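*Asks:* Dropping a prediction and its sequence here:
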Amino acid sequence: MVGTTYPFTTPNSEVPILLGEWWNRNPMDVVNQATQTGAAPNVSDAFTINGQPGDLYQCSSSDTIRVSVKSGETNLLRVINAALNTDLFFTIGSHTMTVVAVDALYTKPFQTNFLMLGPGQTTDVLVTTDQSTGRYYIAARAYSSGQGVPFDNTTTVAILEYEGSSNSTSVPTVPNLPAYNDTQTATKFANALRSLGSHDHPVFVPQSVDENLFYTIGLGLINCPGQSCGGPNGSRFAASINNVSFVLPSTSSILQAQHFGMKGVFSGDFPDNPLVQFDYTAQSVSRGLWSPVKGTRVKVLNYNTKVQVILQGTNIFAGESHPIHLHGYDFYIVGSGFGNYNSKTDPQKFNLVDPPMRNTVNVPVKGWAAIRFVADNPGAWVMHCHLDVHITWGLAMVFVVSNGPSPLFSIESPPVDLPQC
């Protein structure tokens, strides 16, 4: 907020920590190959911290990132998961982190040894350098919740280097990171998040809703008539929300079509609920439910509508955690859990006092998450899985939010010289 300061003691310095993925090929070639064949893309060959894989990979130790600190300081690390297809655990050897913000929104501070970030998520932590002068690994590795789903099982490191230890030849100790499938640790971290709720950073979670939407999210398979594709049994991988696998329009953007009233670009009939109800997280889901329908369908929201979306994960093909991101909005995560959402009992446990506010929510593996927001930003806003491979398979939809009561609350017309797509 303009004119305010940190809601905590000003740190000695700010350090960006950018987590990424590395392929030994052009990543676009990896994506294009998967798109053409219908198979899953090859997993990455390494993870990186600020662009470097670190000591634990061959031929990269000389370029390992070093973060220089002084003893007794408190520094603010802004940790960003910029990986394409992987949730990541993060830790700093022998140091406790105090979480103070997620997705650029302040939280009630809490201490932790581990972070879990989905692609596109950010977490700000305070780290006090209160250990013996030395060198300590900063480390990240995959959180992979999908049973049998291939993933990059390597660890990237950087070095937290105290002043006076830069000439040391000792190798830092590799910190213990959670197991790749440690859903309990990932859940514990997510459940500890609370909005700050101070005078300068108040909470405005909607106490009631106008639109109550129930969206299933998950994977699927599409048959390839007359040919054999690269997915299981000659099929093509797909993904969907409420069994609609999103297709980008080819003639115009959805925003242009909305603004100019163009016909035939999209339809406004995205289903508010799954057309077929079933045991979404059952160990075995009927194969008749595995094939989504492709389409460019949107959900139209009136301006200032109070919206609740229940995001229900499914166990079609493989249940896994999905980092769901909404463009144009921050939202409150008022609840989450495992198994099928119960509309009678689960709302009784919602946090409507200080729920965390984010722009990306990790829907638990074979579980659900409930989000709320006020549709006060007109436009066409994509909601999609932030695993890049899943959005290419169609795990996305669009909210079209109508203009408000005056030009100040409406989309401006584009300039006359706007370049055409």
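*Replies:* Right, received. Where do you want to start? Numbering: from 1, shown residues only.

*Asks:* where exactly do the helices run in the stretch 201-350 of the chain?
*Replies:* 254-260 (DSSP state H, counting those that start in this stretch).

*Asks:* now the strands for it?
*Replies:* Applying DSSP state E, counting those that start in this stretch to the stretch 201-350 of the chain gives strands spanning 211-222, 236-241, 244-246, 293-295, 298-301, 305-313, 322-326, 331-338.

*Asks:* try the stretch 1-150 of the chain
*Replies:* 14-22, 46-49, 66-69, 74-81, 87-92, 97-102, 105-112, 115-117, 122-128, 135-143.

*Asks:* Now do the same contact list for the residue most central in space within the chain.
*Replies:* By Cα atoms, centre = their mean, the chain has its centre lying nearest to residue 323, at 3.3 Å. By Cβ atoms under 8 Å, 6 or more residues apart in numbering, the contact list for residue 323 reads 87, 118-121, 360-363, 385-387. Where C-beta positions appear, they are placed from N, C-alpha and C, glycine not excepted.

*Asks:* Out of these, which comes closest to residue 22?
*Replies:* residue 119 (14.5 Å; Cβ to Cβ).

*Asks:* Relative to residue 20, how far out is the nearest residue to the closest one once chain neighbours are set aside?
*Replies:* Of all residues not flanking residue 119 in the chain, residue 386 sits nearest, at 4.4 Å (Cβ to Cβ, 6 or more residues apart in numbering). From residue 386 across to residue 20, the span is 14 Å (Cβ to Cβ, to the nearest Å).

*Asks:* okay, how far is it across stretch 42-59, tip to tip?
*Replies:* End-to-end distance of stretch 42-59 (Cα to Cα, to the nearest Å): 22 Å.

*Asks:* for that stretch, which positions count as buried?
*Replies:* The neighbour-count check on stretch 42-59 (16 or more other Cβ atoms under 10 Å) flags 42-44, 46-50, 52-57 as buried.

*Asks:* Centre of the chain to it, how far?
*Replies:* With Cα atoms, centre = their mean, to the nearest Å as the basis, stretch 42-59 stands 21 Å off its chain's centre.

*Asks:* one step back: the residue lying closest to the residue nearest to the centre of the chain once chain neighbours are set aside: neighbour count?
*Replies:* Leaving aside its sequence neighbours, residue 323 sits nearest to residue 118 (Cβ to Cβ, 6+ apart; 2.9 Å). A count of nearby residues for residue 118, using other Cβ atoms under 10 Å, gives 26.

*Asks:* Then residue 350?
*Replies:* Residue 350 has 17 nearby residues by other Cβ under 10 Å.

*Asks:* Over to residue 363?
*Replies:* 25.

*Asks:* shouldn't it be in contact with residue 218?
*Replies:* No - the criterion here is Cβ atoms under 8 Å, and residue 363 misses it with residue 218 at 9.7 Å.

*Asks:* what is in contact with these two at once?
*Replies:* Common neighbours of residue 363 and residue 218 (Cβ under 8 Å, 6+ apart) are 313, 322.

*Asks:* partner residues bridging residue 336?
*Replies:* Listed beta-bridge partners, residue 336: residue 369 (assigned using DSSP bridges).

*Asks:* got the CA coordinates for the longest helix along the chain in CSV?
*Replies:* In the chain, assigned by DSSP state H, the helix with the most residues is helix 27-37. Taking Å, rounded to 0.1, in the frame of the first residue of the first chain, the C-alpha atoms of helix 27-37 are listed here in CSV:
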residue,chain,number,x,y,z
PRO,A,27,12.5,-25.9,-23.9
MET,A,28,10.3,-24.9,-26.8
ASP,A,29,11.4,-28.0,-28.7
VAL,A,30,10.4,-30.1,-25.7
VAL,A,31,7.0,-28.5,-25.6
ASN,A,32,6.4,-28.6,-29.4
GLN,A,33,7.4,-32.3,-29.5
ALA,A,34,4.9,-33.2,-26.8
THR,A,35,2.2,-31.1,-28.4
GLN,A,36,2.7,-32.8,-31.8
THR,A,37,2.8,-36.3,-30.4
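
*Asks:* neighbours of the closest residue to residue 411 other than its chain neighbours, just the number please.
*Replies:* Once flanking residues are discounted, residue 411 sits nearest to residue 378: 5.0 Å by Cβ to Cβ, 6+ apart. By other Cβ under 10 Å, 21 other residues sit near residue 378.

*Asks:* on that earlier part again, so of the contacts of residue 323, which ones are in helices?
*Replies:* Of those, none are assigned to helices by DSSP H.
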